[in-house]
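A.B. asks: quick one, fold the following:
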Amino acid sequence: MRAQIYNSSQPKSKTHDKVYQIHKYWSRKPWDPISSHILTYTDTGDTVLDPFMGSGVTALESLLNNRKYVGIDLNPVSVFIASNTINNTVDIGRLKEEFSQLTNIVEEKILNLYKTNEQCGKCSNYMILQHSNIGPKFKDSEKGYFFCNACGKRKSSIKRCFSKKERNWILNSEFEVGSYWIPDQKFPDKFYKDRFSYKGIQRVSDMYTNRNLYALSLLLDTIKQLKLEYEGLFLTAFSNTVLHSSKLKSENVRPLGVNNYWVPDDYIEENVWLRYVDRFQKIINAKKELLKLNGPHPLKNYKLLNQSCFKTDLKDGSIDYIITDPPYGDAIQYSELSFIWNAWLGFQYNNEEEVIVNPAQSKGTDQFTELLSRAVSESARVIKKGGFFTLCFHNKNFKIWSDVLNIFRQYNFVLHEIFIVDGLGSTFNNNWSKFSPKTDLYLTFKKDIFQFQYEKTISLEDIIKQVLKEEKSIENYAKIYDKVIIQLIENLYFNKCQIDLSHLTIKKLSSIIENIQHGN
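C.D. replies: Residues are numbered from 1 along each chain as shown. Below is the predicted model of the structure:
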């Protein structure tokens with residue numbers, strides 16, 4: 001078995017990154033290690049499967065490298081984002097024309113919602129509110145960021161407190177949505193990571209000020225009424241706008257900065273149109289870059305399936321290579337965190353078969369292991385004999401690690417290689433100060449007959465001491481930690497004598513390393 005540490009912060013094509021900036025998504029993997037693994041374990045024309053597709057990084061990298069691709073995800077917004085990421089049959093000129101068409105209809109209507117009575121000192125046009133700070137922290141001193149839309153932000157941007165008249169206008173404005181549709185779905189009664197209901201937020205529409213709810217509903221209605229050729233891309237930019245236009249954003253917190261819907265006491269009301277324009281420009285940049293990478297020839301030979309990966313129509317042995325990034329236990333609640341996106345887009349997410357640790361869904365670690373086992377079982381059926389399966393995974397619960405490796409042994413996947421991918425390039429203390437995984441492990445297995453390689457009693461302390469003995473320097477904590485993880489996984493997988501990890505955490509492991517280093 002080979003073990004390597006891959007530094008994803010090494011020089012790479014930064015312009016390639018633009019392709020994946022069309023929409024935010026949780027736990028998106030960097031494209032370069034994904035591409036590297038695809039090239040290592042497949043040949044041109046091979047078929048790659050990702051049973052937990054996410055935002056489509058593996059999808060696009062497979063197609064750009066002339067492989068066929070099958071992607072599966074239970075989350076409908078995942079399939080939506082991946083589909084629009086892959087789409088390279090875009091006429092940029094036509095896309096801009098359609099955006100101008102939308103702009104002519106809605107820009108003035110939406111900007112008027114944020115227009116003040118203050119005139120620009122240079123051109124006498126009325127100033128536009130870019131965003132405002134609202135909440136107890138700013139009581140009677142609410143601040144606004146203003147600029148002249150004619151002169152531009154750089155020339156006319158100012159920051160100041162609201163006048164009394166402006167405060168009444170900002171805080172007390174009423175907007176009737178009228179005939180426009182709004183997402184009025186109730187959040188589930190049991191929301192595992194609920195940091196909003198105690199503030200009276202029960203429905204998706206409650207996540208917005210009246211002004212922003214009106215602006216978003218107007219924008220969405222106009223996009224759909226226009227029957228645009230590239231409607232999917234316009235809706236992608238819209239979906240990528242709705243969280244930043246909600247009450248989930250503050251000066252110090254971004255909607256995707258925490259893994260739950262947390263409504264801060266002091267939040268930002270952001271100008272919907274300005275945010276949408278920013279997001280649409282990312283679409284244009286992404287499609288320009290994709291055309292450079294692949295040319296105008298349509299990407300094809302792929303399937304994107306919105307379903308469970310437990311049972312598929314794929315034929316036995318039809319897949320050459322599997323690479324996937326399943327949920328890490330309870331770390332990211334995809335169905336909960338995608339609820340607002342899916343609500344605005346009109347998608348239904350049935351999370352009954354979601355592979356997750358979520359007490360609100362009555363899913364603990366045992367249920368997570370059982371669900372993941374069903375996914376690996378189906379993967380074992382469809383992959384060819386001798387094919388490779390790369391699992392991108394990390395979890396602060398080492399008991400889950402032991403369970404995951406047992407699943408792969410059960411279905412005759414033999415551990416072949418471990419890559420530790422660290423895109424942060426920081427020290428051990430920075431990486432692990434909060435005792436949660438900051439690197440990703442890429443475990444590659446080969447479909448073959450499994451056999452234990454050895455049977456010897458070994459402790460976690462023995463593994464750590466061996467790593468420290470081999471290291472010439474003990475200053476690089478991150479490197480020591482990574483090597484301990486590699487040795488630990490290898491022992492968990494190949495050693496018939498199992499180490500008890502039921503109570504081991506990253507915090508405890510870190511403490512053990514430090515104690516041994518200091519001779520305690």
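
A.B. asks: C-alpha from now on. contacts and neighbour counts both.
C.D. replies: Will do.

A.B. asks: need the contact list for residue 207.
C.D. replies: 201, 246-248 (Cα atoms under 8 Å, 6 or more residues apart in numbering).

A.B. asks: from those residues, which land in helices?
C.D. replies: Among the contacts of residue 207, no member falls in helices (criterion: DSSP state H).

A.B. asks: looking at these, which are in strands?
C.D. replies: Among the contacts of residue 207, DSSP state E puts none in strands.

A.B. asks: can you give me the domain assignment for the protein?
C.D. replies: 2-87+298-452, 92-190+204-290 (automatic domain parsing).

A.B. asks: adding distance to residue 483 and mean pLDDT, write the ones you listed out as JSON lines.
C.D. replies: Below are the domains of the chain laid out as JSON lines (distance: least, Cα to Cα, whole Å; pLDDT from 0 to 100):
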{"stretch": "domain 2-87+298-452", "distance to residue 483": "9", "mean pLDDT": "89"}
{"stretch": "domain 92-190+204-290", "distance to residue 483": "28", "mean pLDDT": "91"}
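
A.B. asks: compare those and give me the one nearest residue 513.
C.D. replies: Distance to residue 513, taken as Cα to Cα, is lowest for domain 2-87+298-452 among these, at 11.5 Å.

A.B. asks: can you tell me the helix or strand for residue 49?
C.D. replies: strand 47-50 (DSSP states H and E).

A.B. asks: elements contacting the helix or strand residue 37 falls within?
C.D. replies: Using DSSP H and E, residue 37 falls within helix 31-41. Contacts defined by 3 or more Cα pairs under 8 Å, 6 or more residues apart in numbering; DSSP states H and E place helix 31-41 against helix 57-64.

A.B. asks: between helix 57-64 and the first helix or strand past the helix it packs on going along the chain, find me the angle.
C.D. replies: The helix or strand immediately downstream of helix 57-64 is strand 68-72, counting by DSSP H and E. Angle, strand 68-72 to helix 57-64, by axes from the mean of the first three to the mean of the last three Cα atoms, to 10 degrees: 160 degrees.

A.B. asks: next helix or strand past strand 68-72?
C.D. replies: Sequence order places helix 76-86 as the next helix or strand after strand 68-72, per DSSP H and E.

A.B. asks: now that next one: buried residues?
C.D. replies: 76-86 (16 or more other Cα atoms under 10 Å).

A.B. asks: so what's the nearest residue to residue 43 once chain neighbours are set aside up against?
C.D. replies: Closest residue to residue 43 apart from its sequence neighbours, by Cα to Cα, 6 or more residues apart in numbering: residue 67 at 7.6 Å. Going by Cα under 8 Å, 6+ apart, residue 67 touches 43-48.

A.B. asks: run the last query once more with 6 Å
C.D. replies: Neighbouring residues of residue 67 by Cα atoms under 6 Å, 6 or more residues apart in numbering: 44-47.

A.B. asks: now list the buried members of those.
C.D. replies: Using 16+ other Cα under 10 Å, the buried ones in the contacts of residue 67 are 46-47.

A.B. asks: quick check, nearest of the contacts of residue 67 to residue 119?
C.D. replies: residue 47 (60.4 Å).

A.B. asks: any idea what the closest one is bridged to?
C.D. replies: For residue 47, the beta-bridge partners are residue 68 (DSSP bridges).

A.B. asks: make sure it is actually in contact with residue 66.
C.D. replies: No - in this structure, residue 47 is not within contact of residue 66 by Cα atoms under 6 Å, at 9.6 Å.

A.B. asks: show me what counts as buried in the longest helix anywhere in the chain.
C.D. replies: For the chain, the helix with the greatest residue count under DSSP H is helix 272-294. Neighbour counts over helix 272-294 (16+ other Cα under 10 Å) mark 272-277, 279-280, 282-291 as buried.

A.B. asks: how long is stretch 226-237 end to end?
C.D. replies: 16 Å (Cα to Cα, to the nearest Å).

A.B. asks: let me know the outermost residue of the chain.
C.D. replies: In the chain, counting by Cα atoms, centre = their mean, residue 124 sits farthest out from the average C-alpha position, at 43.4 Å.

A.B. asks: that residue: what secondary structure?
C.D. replies: Under the three-state scheme (DSSP: H, G, I helix; E, B strand; the rest coil), residue 124 adopts coil.

A.B. asks: what residues does it make contact with?
C.D. replies: Neighbours of residue 124 in contact, by Cα under 6 Å, 6+ apart: none.

A.B. asks: now the angle between helix 76-86 and the longest helix of the chain, please.
C.D. replies: Interaxial angle of helix 272-294 relative to helix 76-86 (the same axes, to 10 degrees): 50 degrees.

A.B. asks: just checking: what are the partner strands of whichever helix or strand comes after helix 272-294?
C.D. replies: Per DSSP H and E, the first helix or strand lying C-terminal to helix 272-294 is strand 302-305. Strand 302-305 pairs in its sheet with strand 68-72 (parallel), by DSSP bridges.

A.B. asks: chain center to the strand it pairs with: distance?
C.D. replies: 19 Å (Cα atoms, centre = their mean, to the nearest Å).

A.B. asks: repeat for stretch 121-133
C.D. replies: 34 Å.

A.B. asks: for stretch 289-299, same thing?
C.D. replies: Relative to the chain's own centre, stretch 289-299 is displaced by 24 Å; criterion: Cα atoms, centre = their mean.

A.B. asks: cool, stretch 338-350 as well?
C.D. replies: Relative to the centre of its chain, stretch 338-350 is centred 15 Å away, using Cα atoms, centre = their mean.

A.B. asks: what is the end-to-end distance of that stretch?
C.D. replies: End residues of stretch 338-350 are separated by 12 Å (Cα to Cα).

A.B. asks: what of stretch 110-129?
C.D. replies: 11 Å.

A.B. asks: direction included, what does the lengthiest strand in the chain pair up with?
C.D. replies: The longest strand of the chain (DSSP E) is strand 383-393. When pairing is defined by DSSP bridges, strand 383-393 lines up against strand 319-324 (parallel), strand 440-447 (antiparallel).

A.B. asks: closest one to residue 404 among these?
C.D. replies: strand 440-447 (11.1 Å).

A.B. asks: and the strands in the stretch 151-300 of the chain?
C.D. replies: 158-161, 194-195, 261-262, 267-270 (DSSP state E, counting those that start in this stretch).

A.B. asks: show the backbone phi and psi for residue 52.
C.D. replies: phi -130, psi 80 (degrees, to the nearest 10).

A.B. asks: same question for residue 416.
C.D. replies: Taking degrees, to the nearest 10 as the convention, residue 416 sits at phi -110, psi -40.

A.B. asks: verify the stated contact: it with residue 443.
C.D. replies: No - judged on Cα under 6 Å, residue 416 makes no contact with residue 443 at a distance of 7.7 Å.

A.B. asks: which one of those two has more residues nearby?
C.D. replies: residue 443 (21 against 17; other Cα atoms under 10 Å).

A.B. asks: okay, and the beta partners of the more buried one?
C.D. replies: In beta-bridge terms (that is, DSSP bridges), residue 443 pairs with residue 391, residue 418.

A.B. asks: that one contacts residue 393, doesn't it?
C.D. replies: No - with contacts counted by Cα under 6 Å, residue 443 stays clear of residue 393, the gap being 7.7 Å.

A.B. asks: save the strands paired with strand 383-393 as CSV, and put in distance to residue 150 too.
C.D. replies: Converted to CSV, the strands paired with strand 383-393 look like this (distance: least, Cα to Cα, whole Å):
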stretch, distance to residue 150
strand 319-324, 48
strand 440-447, 46
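
A.B. asks: deepest-packed of the ones you listed, please.
C.D. replies: Among those, ranked by average contacts under mean count of other Cα atoms under 10 Å, first place goes to strand 319-324 (a mean of 24).

A.B. asks: next, the angle helix 31-41 makes with that one.
C.D. replies: 150 degrees.

A.B. asks: state the distance from residue 96 to residue 282.
C.D. replies: Residue 96 is 12 Å from residue 282, by Cα to Cα.

A.B. asks: same question but for residue 344, I mixed them up
C.D. replies: To residue 282, residue 344 is 20 Å away according to Cα to Cα.
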